[in-house]
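J.: have a look; sequence and predicted model below, questions after that.
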Amino acid sequence: MTERVAVVVVTYNSADVVPGLVASLDAGLGEVPWDLVVADNASADHTLAVLARTAPDATLLALADNRGYAAGINAAVAAAPPHSAVLVLNPDVRLEPGCVAELLAVMRRTGAGVVVPRLQDATGELIHSMRRTPTVLRGLGDAVLGAVRAGRYPLLGELVTDPGAYALEQDVDWAEGSTQLVDAGCWLACGEWDEGYFLYSEETEFHLRAGDRGFAVRYVPSAAAVHLEGGSATSTRLWPLLVANRWRLYRARHGAVRSAAFWTALLARESSRALLGRETCRLATRVLLRPDLLRGPRGPEWLDAVSAGA
């Protein structure tokens, strides 16, 4: 099949940031043929009107309600024209010129199932986007040393924090999911993204599932993008969900004993930070100690209940 990329984006109250993404697509994809498909998760602002004006040729899906990020991705891919690869983008991403052509070239050269670029934030700082497989020891390393320090040691950190590593093209266990190119064959073999996560850990689950099926996730420093990034670490709504989904993903891949140990590592991290006054960690600790919240359905109502302290 001739190369053609389906660019899929999920928006939710993204009117302020999505024009910048749209403006970066032509240069970012270069000579690569592409189609833009946007799934909007029932935004309350004028996101769809902005997209209709800035991306008149895009396929716009106005979903009836907010079913989460993975559900939006799945809906967009299902609506996309025939394609050889899927480019998954957050609305606050800005592609650098030639980014996708370079990702596609590396994908075809290496046979990787997923390829990701070097990312920097809005200030030009490197984003630590490479990750290692979650383990109990890495969970404890994060709890005791913190993610950045623990990440210097492969056995102790899930986050890869050695700056030198980001100069090297390499396979990784999984990567931050704001900008990723997925081969259509990999997508077909792995199936859709798991919609049970609502938000966070869905890219982790997909990348690890791809690895289970023999598809590599490849980091490509010669391709670049900017991710403006949200505020999950400081959000009382989002941080508890991130923590809960980390445990849920680990539990889905491991037995009860190891999952209990991973839960203990998460609890140690969140409760110790809660004692220092971090409200996000206090709410995450509460979720970890409440089986109904930890295992319960995630969605807007779950987020409202946790952030309200109900």
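T.: Ah, there it is. Everything quoted here is computed from the prediction, not taken from an experiment. Residues are numbered from 1 along each chain as shown.
J.: which stretches in this structure count as strands?
T.: Per DSSP state E, the chain has strands spanning 5-11, 34-40, 59-62, 85-89, 93-95, 114-120, 130-131, 170-172, 174-175, 179-183, 217-227. These are given in chain order.
J.: let's have these in CSV, adding mean neighbour count and distance to Leu288.
T.: To be clear about C-beta, it is placed using only N, CA and C from the backbone, and glycine gets the same treatment. As requested, these are arranged in CSV below (neighbours: other C-beta atoms under 10 Å; distance: least, C-beta to C-beta, whole Å):
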stretch, mean neighbour count, distance to Leu288
strand 5-11, 26, 27
strand 34-40, 23, 31
strand 59-62, 16, 35
strand 85-89, 25, 29
strand 93-95, 25, 31
strand 114-120, 26, 29
strand 130-131, 24, 21
strand 170-172, 16, 27
strand 174-175, 24, 22
strand 179-183, 26, 29
strand 217-227, 21, 28
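J.: just send those strands back as JSON lines, with mean pLDDT and distance to Leu294 too.
T.: As requested, the strands of the chain are arranged in JSON lines below (pLDDT from 0 to 100; distance: least, C-beta to C-beta, whole Å):
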{"stretch": "strand 5-11", "mean pLDDT": "98", "distance to Leu294": "25"}
{"stretch": "strand 34-40", "mean pLDDT": "98", "distance to Leu294": "28"}
{"stretch": "strand 59-62", "mean pLDDT": "97", "distance to Leu294": "32"}
{"stretch": "strand 85-89", "mean pLDDT": "98", "distance to Leu294": "28"}
{"stretch": "strand 93-95", "mean pLDDT": "98", "distance to Leu294": "31"}
{"stretch": "strand 114-120", "mean pLDDT": "98", "distance to Leu294": "29"}
{"stretch": "strand 130-131", "mean pLDDT": "98", "distance to Leu294": "22"}
{"stretch": "strand 170-172", "mean pLDDT": "98", "distance to Leu294": "28"}
{"stretch": "strand 174-175", "mean pLDDT": "98", "distance to Leu294": "22"}
{"stretch": "strand 179-183", "mean pLDDT": "98", "distance to Leu294": "28"}
{"stretch": "strand 217-227", "mean pLDDT": "98", "distance to Leu294": "28"}
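J.: who wins for proximity to Ser24 among those strands?
T.: Distances from Ser24 to each of the strands of the chain were compared by C-beta to C-beta, and the smallest falls on strand 93-95, at 4.5 Å.
J.: then stretch 29-49 to PDB, C-alphas only?
T.: Output of stretch 29-49 as PDB, limited to C-alpha atoms (Å, rounded to 0.1, in the frame of the first residue of the first chain):
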ATOM      1  CA  LEU A  29       4.300  15.900   7.600                       C
ATOM      2  CA  GLY A  30       6.100  17.400   4.700                       C
ATOM      3  CA  GLU A  31       5.700  15.300   1.600                       C
ATOM      4  CA  VAL A  32       3.900  12.500   3.400                       C
ATOM      5  CA  PRO A  33       0.200  12.200   2.300                       C
ATOM      6  CA  TRP A  34      -2.200  12.600   5.200                       C
ATOM      7  CA  ASP A  35      -5.700  13.000   6.400                       C
ATOM      8  CA  LEU A  36      -6.800  14.600   9.600                       C
ATOM      9  CA  VAL A  37      -9.600  13.100  11.800                       C
ATOM     10  CA  VAL A  38     -10.600  14.700  15.000                       C
ATOM     11  CA  ALA A  39     -12.800  13.200  17.600                       C
ATOM     12  CA  ASP A  40     -14.300  15.700  20.000                       C
ATOM     13  CA  ASN A  41     -15.300  14.400  23.500                       C
ATOM     14  CA  ALA A  42     -18.300  16.700  23.900                       C
ATOM     15  CA  SER A  43     -16.400  20.000  24.400                       C
ATOM     16  CA  ALA A  44     -18.300  22.800  26.100                       C
ATOM     17  CA  ASP A  45     -16.300  25.500  24.400                       C
ATOM     18  CA  HIS A  46     -16.100  26.300  20.600                       C
ATOM     19  CA  THR A  47     -13.500  23.700  19.700                       C
ATOM     20  CA  LEU A  48     -15.500  22.300  16.800                       C
ATOM     21  CA  ALA A  49     -16.100  25.700  15.400                       C
END
